[in-house]
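In: Let's see this in three dimensions:
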Amino acid sequence: MRDLLPEWLAPRLDPEERYGLRLTLFALATVLIFVPFFFLLVQVTTEGPMTRLDTDISAEVHKEVLESPVLEQVSAAISFVGSPPVLYLVAAAAAIFFWRRDSRRVAVYLVLTNLLGGAINSAVKVIVNRPRPELDDPISQAFGYSFPSGHTVASTVGFGSLLLAFMPFIPSRWRLVAIAAYFGAVALVAASRLGLVVHYLSDVLAGFVLGAAWLSASTAAFSIWRTERGEERVEVTEGLDP
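Out: Prediction:
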């Protein structure tokens, strides 16, 4: 079968090659992840129909939260837990844990994945330069630009990198629960930013897809680094370094 493929394509579809099928499929998946991100980016930069939906949703959420102090307090608490500084501290503590266990590549992965994810988010914010929602009676104050949501990027990358790092410690029967909990945690952080009306819907959606794309890229790079050191490939569902 391989003999029938073009010379440039055959190595990319061969699982045994250094840059084989996994990396090619990962690259395609990353492109597909970025498609919704660039759609949202175009909507924001050209003030497309999505921005009108953003404004309408923000107004409705603002009215509901003002009438419910409990929602405001819950949103503030979740937002704090999912804030970049808190997640950086947790990732740093986890990195120290793995470093002391002699899993130094996992430690480096945690630090670089989270710090570079934050840098990417900051760069995109500055480039897009989208103002935050402006309201006569704001619920909360936030600094910087609005697109994408830094909390959503940080939680997508932070919770995701921690899950992958600690996956080998989770019994197999509980791994699907852990994955579901991960998506639930990210959704709660995104919802909290909407609840505080410091972001638009498109901001948190863009934050999730940007964070997922970077998490995928960083994890793939770690996997290549691992195999370059002569270790066996592992499935992502088994964790970074079983």
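
In: what are the ranges of the helices in the protein?
Out: 21-45, 49-66, 69-81, 84-100, 104-128, 150-166, 175-195, 201-228 (DSSP state H).

In: most packed of those helices?
Out: Ranked by average neighbour count under the criterion mean count of other CB atoms under 10 Å, the helices of the chain are headed by helix 150-166 at a mean of 26. Where C-beta positions appear, they are placed from N, C-alpha and C, glycine not excepted.

In: which non-adjacent residue is nearest residue 53?
Out: In this structure, residue 53 finds its nearest non-sequential neighbour in residue 201, 6.8 Å apart by CB to CB, 6 or more residues apart in numbering.

In: Verify the stated contact: that neighbour with residue 54.
Out: Yes. With contacts counted by CB atoms under 8 Å, residue 201 reaches residue 54, the gap being 5.4 Å.

In: average pLDDT for stretch 117-132?
Out: Per-residue pLDDT values over stretch 117-132 give a mean of 92.

In: Can I get it in CSV, CA atoms only?
Out: Output in CSV follows, covering the C-alpha atoms of stretch 117-132 (Å, rounded to 0.1, in the frame of the first residue of the first chain):
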residue,chain,number,x,y,z
GLY,A,117,-0.6,29.8,26.8
GLY,A,118,-0.9,33.0,28.8
ALA,A,119,1.6,34.8,26.5
ILE,A,120,-0.4,33.7,23.4
ASN,A,121,-3.6,34.9,24.9
SER,A,122,-2.0,38.3,25.9
ALA,A,123,-0.7,38.7,22.4
VAL,A,124,-4.0,38.0,20.7
LYS,A,125,-5.7,40.5,23.1
VAL,A,126,-3.4,43.3,22.2
ILE,A,127,-3.7,42.6,18.5
VAL,A,128,-7.5,42.4,18.5
ASN,A,129,-7.9,45.3,20.9
ARG,A,130,-11.6,44.7,21.7
PRO,A,131,-13.1,46.8,24.6
ARG,A,132,-14.9,45.0,27.4
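
In: thinking again about what came up before, list the contacts for the residue nearest to residue 53?
Out: If you count contacts by CB atoms under 8 Å, 6 or more residues apart in numbering, residue 201 has them with 50, 53, 54, 57, 58, 194.

In: Dump the residues you listed to JSON lines, plus distance to residue 111.
Out: Formatted as JSON lines, the entries for those read as follows, by distance: CB to CB, whole Å:
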{"residue": "50", "distance to residue 111": "35"}
{"residue": "53", "distance to residue 111": "37"}
{"residue": "54", "distance to residue 111": "34"}
{"residue": "57", "distance to residue 111": "36"}
{"residue": "58", "distance to residue 111": "35"}
{"residue": "194", "distance to residue 111": "30"}
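
In: what's the closest of these to residue 82?
Out: When the contacts of residue 201 are ranked by distance to residue 82 (CB to CB), residue 194 comes first, at 12.5 Å.

In: any idea of the pLDDT on that closest one?
Out: The per-residue pLDDT reported for residue 194 equals 89.

In: Find the nearest non-adjacent residue to it, please.
Out: Residue nearest to residue 194 in three dimensions, not counting chain neighbours: residue 61, with 5.7 Å by CB to CB, 6+ apart.

In: now swap in residue 218 and tell me
Out: Closest to residue 218 by CB to CB, 6+ apart is residue 113, at 4.3 Å.

In: Check whether residue 199 really touches residue 145, as I assumed.
Out: No. Taking contact to mean CB under 8 Å, the distance of 10.3 Å between residue 199 and residue 145 leaves them out of contact.
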